[in-house]
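Colleague: Turn this into a structure:
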Amino acid sequence: QLQLVESGGGLVQPGGSLKLSCAASGITLGYYATGWFRQAPGKERVRVSCISSDGSTDYADSVKGRFTISRSNAKNTVYLQMNSLKPEDTAVYYCAADPHYLSSCQGALDAWGQGTLVTVSS
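Modeller: Numbers count the residues shown, from 1 in each chain. As a prediction, this is how the structure comes out:
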């Protein structure tokens, strides 16, 4: 059974960094597209970044140059390194995977984790 578990959220000051992790069980993430999404209070969930099964990546304009998505096949985990954090990055961050073999970020990432809260505040 596919399960995704996020971790690494917390409180950080503006300009600081956090690294989120999305650990998977039930699938080998290296074969599936995996993305990070976030939902701020009162706002819709939006995609932040994605990594395809072939390793290609994409980013929302709001995080380009500050966030980096990566994957460890050995640890079956996808990461989101977040630098130069801003108060507007405050949100619950979710990871999601497309449970189709050799999927790309163009597909539907509809297998979700439970989320981890990131708060950027002084």
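Colleague: Would you map the strands across this structure?
Modeller: 3-7, 10-12, 18-25, 34-39, 46-51, 57-59, 67-72, 77-82, 91-97, 111-112, 116-120 (DSSP state E).
Colleague: Report the central residue of the protein.
Modeller: Closest to where the C-alpha atoms of the chain average out (Cα atoms, centre = their mean) is Trp36, at 2.5 Å.
Colleague: which one of the strands of the chain lies closest to Cys105?
Modeller: Of all the strands of the chain, strand 46-51 sits nearest to Cys105, with 3.7 Å by Cβ to Cβ. C-beta coordinates here come from the backbone N, C-alpha and C atoms, glycine included.
Colleague: returning to what we had before: select, out of the strands of the chain, the one closest to Ser104.
Modeller: Among the strands of the chain, strand 46-51 sits nearest to Ser104 (Cβ to Cβ), with 8.7 Å.
Colleague: okay, how far is it across stretch 107-122, tip to tip?
Modeller: 38 Å (Cα to Cα, to the nearest Å).
Colleague: Stretch 31-47 now?
Modeller: 20 Å.
Colleague: Describe which strands the helix or strand bottoming out on mean pLDDT in the chain pairs with in its sheet and in which direction.
Modeller: Of all helical and strand segments in the chain, the minimum by mean pLDDT, DSSP states H and E falls on strand 111-112, at a mean of 92. Each strand paired with strand 111-112, and its direction, by DSSP bridges: strand 91-97 (antiparallel).
Colleague: Relative to Cys95, how far out is the closest residue to Asn73 other than its chain neighbours?
Modeller: Using Cβ to Cβ, 6 or more residues apart in numbering and skipping the chain neighbours, the partner closest in space to Asn73 is Gly30 (4.2 Å). Using Cβ to Cβ, to the nearest Å, Gly30 is found at 15 Å from Cys95.
Colleague: pretty sure Leu102 is touching Tyr31, no?
Modeller: Yes - at 6.0 Å, Leu102 and Tyr31 qualify as touching, with contact defined as Cβ atoms under 8 Å.
Colleague: unless I'm mixing things up, Leu85 is touching Leu18, no?
Modeller: Yes - with contact defined as Cβ under 8 Å, Leu85 reaches Leu18; the gap is 6.7 Å.
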